[in-house]
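Enquirer: Have a look at this prediction, sequence included:
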Amino acid sequence: MHRPTDEPPMRPHPLPLGEAPGPRDVPAPVSSAPLSSVPSSYGGGSDGHGPHGPGGYGSATADPAVVDPSAVDPLVLAALLGRHGWRRRGGAAGRYSRWTPPGPGTVPLSLLVPESRAFPDCEDLLGEALTALARCPAPFAREVLVGLTVPSDEVRWFRDVPPGPSGTASWTAQEQLRSAARQLLLAGALGVRGRAGYHGARHRRQAQAMVEGVLVAAAPGGQGLTAFVPVEPGRKVTERLYRALYAAREAVDYQRATGGHEAFDAAVEAGVSRELTEALIALVRGAEGARIALEWAPAAGVPDGCAARPEPVEFSPGDLPALREAGARYLRDEPSVPVRITGAVVRMRRSAARGDGTVRLRVLAGAEVPHVRVALDEEAYRTAGRAHLLGLPIRVAGRLESRGGFRRLTDASGVVPVHVDEAERDRLMKSLQENLGFFGEAGGPGD
């Protein structure tokens with residue numbers, strides 16, 4: 001069972017051929033930015049939601065000129081056409097198949113796709129099909145080109161929210177969908193980096209890098225969103241997300257049925273974490289229900305141990321208490337971590353000219369967090385100050401506390417300077433010169 005036990009079934013996307021959509025169906029066409037080109041970094045769409053924008057991803061666009069017919073597998077093209085609603089209308093058996101666009105009243109278009117490269121005119125037919133797709137402005141053509149240009153696993157989100165007067169979701173609802181989708185992909189990437197009930201600041205930089213190349217396309221009405229996750233390096237992310245979503249669904253069902261938390265404890269190994277439960281809460285909150293569906297890139301095949309056609313996973317408002325409770329337990333139960341950190345001192349604060357103080361370190365080694373704060377006694381504080389004046393990092397042992405997101409080191413001991421090569425020392429000295437306000441007489445908790 002992959003949907004809430006108290007909710008009516010929601011139809012998976014896409015619709016079976018010849019079946020009319022119901023009120024809870026995902027709109028068949030998916031829109032994106034105008035057809036242009038896929039940047040080399042796969043980020044930064046014209047809508048401002050690139051890697052440095054609010055959504056963190058680029059818009060799903062593709063230039064057919066970069067799709068070389070000689071590099072296209074006819075079976076992959078046929079699989080992508082079927083995935084995006086195109087209908088097979090016969091053809092010469094063993095030679096080619098004919099495909100028409102989905103839905104009634106669509107653009108008059110017909111594609112001939114060879115069954116294999118053994119067909120003599122295979123490359124000519126593929127070139128004609130790619131040209132026809134490029135000239136078609138509809139989303140169902142553009143997404144096929146995206147799948148050919150950037151072999152990608154597809155993750156689809158759908159939020160069942162009441163439409164506004166114009167039949168579209170509100171701006172707030174659309175932003176909530178985009179933000180929740182981004183959180184879910186990051187949770188999957190964090191699960192790849194390591195298994196933990198709560199990650200905090202750990203692994204975050206590496207996880208963000210893993211989803212930097214994701215492309216997105218929004219469905220008409222603003223209730224749906226599709227992410228195209230490039231197989232390299234994103235396959236590990238979608239595979240982990242697949243396992244984590246199924247485990248979360250089963251854990252919620254178990255807790256709602258029995259009141260026990262054992263399933264959530266076991267689900268950590270599958271990739272479930274506080275970050276994932278928070279993402280699911282954000283996705284479902286304010287909606288009548290939400291669904292996530294995954295489809296594997298035809299060119300890359302199906303990952304080991306995964307279903308070839310995974311069923312969509314659904315969550316409802318009735319699942320929110322179990323998800324919130326699980327997230328709170330993950331946060332509360334995650335243990336502190338003993339570490340020995342090497343870091344460059346980037347800030348020092350204490351309330352008087354003498355006594356204990358607090359330093360902020362940019363972590364160079366020993367922990368997968370960018371910065372930590374460390375409370376030091378007077379002698380250790382003086383050692384840290386001297387090391388920074390000499391352009392040297394320090395090494396310190398302690399416990400990285402889960403409270404606060406693994407950004408604070410407690411029980412610090414063994415503070416010593418660490419000798420580094422001249423290039424690194426020069427860079428640290430330059431950092432000192434640029435931070436004239438480096439030494440402070442008082443500091444708040446955020447420093």
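Expert: The structure has been received and is ready for your questions.

Enquirer: any residues touching whichever strand or helix holds residue 263, and which ones?
Expert: Per DSSP states H and E: residue 263 is located in helix 262-267. Applying CB atoms under 8 Å, 6 or more residues apart in numbering, the contact partners of helix 262-267 are 244, 247, 248, 250, 251, 254, 255, 272, 326, 329, 330. C-beta coordinates here come from the backbone N, C-alpha and C atoms, glycine included.

Enquirer: The stretch 1-150 of the chain: strands as residue ranges?
Expert: For the stretch 1-150 of the chain, the strands defined by DSSP state E, counting those that start in this stretch cover 58-59, 87-88, 96-100, 111-114.

Enquirer: of all these, which lies closest to residue 163?
Expert: strand 58-59 (22.9 Å; CB to CB).

Enquirer: any idea of the mean pLDDT in that closest one?
Expert: Averaging pLDDT along strand 58-59 gives 52.

Enquirer: Return the residues in contact with the most centrally placed residue in the chain.
Expert: Closest to where the C-alpha atoms of the chain average out (CA atoms, centre = their mean) is residue 185, at 2.0 Å. Neighbour list for residue 185: 155, 211, 214, 227, 229, 237, 241 [criterion: CB under 8 Å, 6+ apart].

Enquirer: Please repeat the previous calculation with a cut-off of 7 Å.
Expert: If you count contacts by CB atoms under 7 Å, 6 or more residues apart in numbering, residue 185 has them with 211, 214, 227, 237.

Enquirer: try residue 260
Expert: Counted by CB under 7 Å, 6+ apart, residue 260 has contacts residue 254.

Enquirer: how close does it sit to residue 246?
Expert: Separation of residue 260 from residue 246 (CB to CB, to the nearest Å): 18 Å.

Enquirer: Likewise for residue 320?
Expert: 19 Å.

Enquirer: Between these two, which is the more surrounded one?
Expert: Remark: of residue 320 and residue 246, residue 246 carries more neighbours, 20 against 16, as counted by other CB atoms under 10 Å.

Enquirer: is it true that the more buried one touches residue 313?
Expert: Yes: the criterion here is CB atoms under 7 Å, and residue 246 meets it with residue 313 at 6.3 Å.

Enquirer: Under a three-state scheme, what state does the residue nearest to the centre of the chain occupy?
Expert: Reducing the assignment at residue 185 to three states with DSSP: H, G, I helix; E, B strand; the rest coil gives helix.

Enquirer: remind me, longest strand of this structure?
Expert: Criterion DSSP state E: the longest strand present in the chain is strand 337-349.

Enquirer: Tell me where the stretch 101-250 of the chain is predicted with low confidence.
Expert: Scanning the stretch 101-250 of the chain for pLDDT under 70 picks out 104-107.

Enquirer: and with 90 instead?
Expert: Scanning the stretch 101-250 of the chain for pLDDT under 90 picks out 101-151, 161-174, 194, 201-206, 212-213, 215-224, 232-233.

Enquirer: now do the stretch 251-400 of the chain
Expert: 299-301, 334, 337, 346, 350-355, 364-370, 388-392.

Enquirer: Can you get me a residue count around the closest residue to residue 119 other than its chain neighbours?
Expert: Distance criterion CB to CB, 6 or more residues apart in numbering; nearest residue to residue 119, sequence neighbours excluded, is residue 95 at 5.5 Å. As a burial measure, residue 95 scores 16 neighbours (other CB under 10 Å).

Enquirer: can you check residue 313 too?
Expert: 21.

Enquirer: Hmm, it is touching residue 289, no?
Expert: No: the criterion here is CB under 7 Å, and residue 313 misses it with residue 289 at 11.4 Å.

Enquirer: What segments of the stretch 251-400 of the chain are helices?
Expert: Using DSSP state H, counting those that start in this stretch, the helices of the stretch 251-400 of the chain run over residues 262-267, 274-284, 320-333, 378-389.
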